[in-house]
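>>> Here is a sequence with its predicted model. Questions after.
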Amino acid sequence: MATEQTAGRVTRRRVRTRANLLDAAFEVFAAKGFGRVSIEEVCEAAGYSRGAFYSNFDSLDELFFALYRQRADLIARQVADALAGDGPDLDVPASVDRVTEVLLLDLDWLLVKTDFLVHAARDPAVAQSLLEHRARLRGAIADRLARARGHTPLPAVLGDADAAARAVVAAYDGVTTQLLLDKDVDGARAWLKQLLTALLTDGSASRTHS
């Protein structure tokens, strides 16, 4: 019993250490840029030694992927919840309203993500890992759209649910790129709403919903 309790405390402490390192890294990356941050700076910001870092992560790339996974999972949950509805039927305009109201539009995160995207573009191995993580977000969206499709047909131009999910993610990417420049979060939400409604309906749904 004592051994199990000790192991439990160690596990909880390790989870806290990992979470603190992730939080500190996020702040440092946002302030200085991903490519300009060292492991020592992350450790100093978190109040840990290099040993604590390496007991949780092999590299800054791995730490970033853990950050990316957190936010990709959060965005996937936000989108999936907003598209969940009350059953198989999908009220697209209402769901788009919910998505754009709750979707993560965090400027610091967008700065960090953009820095890392440039880094990944120059390293095929890192790029492949990033593509795999992005695919998880598309998969969550495509799954919901596929389950609803029999009740709520998608515009024929989109093809299947996977293509529709790619279009949704592309719209998000485009809107957030503009957001990085003009810092207009409210404007970004309004523009994203218009894009998603146009993508996922034939136009008649948005008119009847208004």
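In hand now; what should we look at?

>>> Does the longest helix along the chain pack against any helices or strands, and if so which?
If you go by DSSP state H, the chain has its longest helix at helix 2-32. Judged by 3 or more C-beta pairs under 8 Å, 6 or more residues apart in numbering; DSSP states H and E, the packing partners of helix 2-32 are helix 39-46, helix 50-54, helix 60-84, helix 107-121. Where C-beta positions appear, they are placed from N, C-alpha and C, glycine not excepted.

>>> Try it again at 7 Å.
With contacts taken as 3 or more C-beta pairs under 7 Å, 6 or more residues apart in numbering; DSSP states H and E, helix 2-32 sits against helix 39-46, helix 60-84, helix 107-121.

>>> can you give me how far the shortest one is from the chain middle?
Okay, so that is helix 39-46. Chain-centre distance of helix 39-46: 24 Å, with C-alpha atoms, centre = their mean, to the nearest Å.

>>> so it versus helix 60-84, what angle?
60 degrees (axes from the mean of the first three to the mean of the last three C-alpha atoms, to 10 degrees).

>>> Can you list the neighbours in contact with helix 39-46?
Here helix 39-46 makes contact (C-beta atoms under 7 Å, 6 or more residues apart in numbering) with 20-21, 24-25, 27-28, 49-50, 53, 60.

>>> mind running it again at 6 Å?
Here helix 39-46 makes contact (C-beta atoms under 6 Å, 6 or more residues apart in numbering) with 20-21, 24-25, 28, 50, 53.

>>> Low-confidence ranges, the chain, go.
1-10, 80, 83-91, 147-159, 202-210 (pLDDT under 70).

>>> residue closest to the middle of it?
When C-alpha atoms, centre = their mean is applied to the chain, the residue found nearest the centroid is A72 (2.7 Å).

>>> residue contacts, it?
Counted by C-beta under 6 Å, 6+ apart, A72 has contacts 133, 136-137.

>>> Closest to L117 out of the residues you listed?
H133 (11.4 Å; C-beta to C-beta).

>>> isn't that closest one right next to Y68, touching?
Yes. H133 is within contact range of Y68, at 5.4 Å (criterion: C-beta atoms under 6 Å).

>>> For those two, indicate the residue with more neighbours.
Legend: neighbour count by other C-beta atoms under 10 Å for H133 and Y68, higher for Y68 (20 against 14).

>>> pretty sure the more buried one contacts R134?
No. The criterion here is C-beta under 6 Å, and Y68 misses it with R134 at 8.7 Å.
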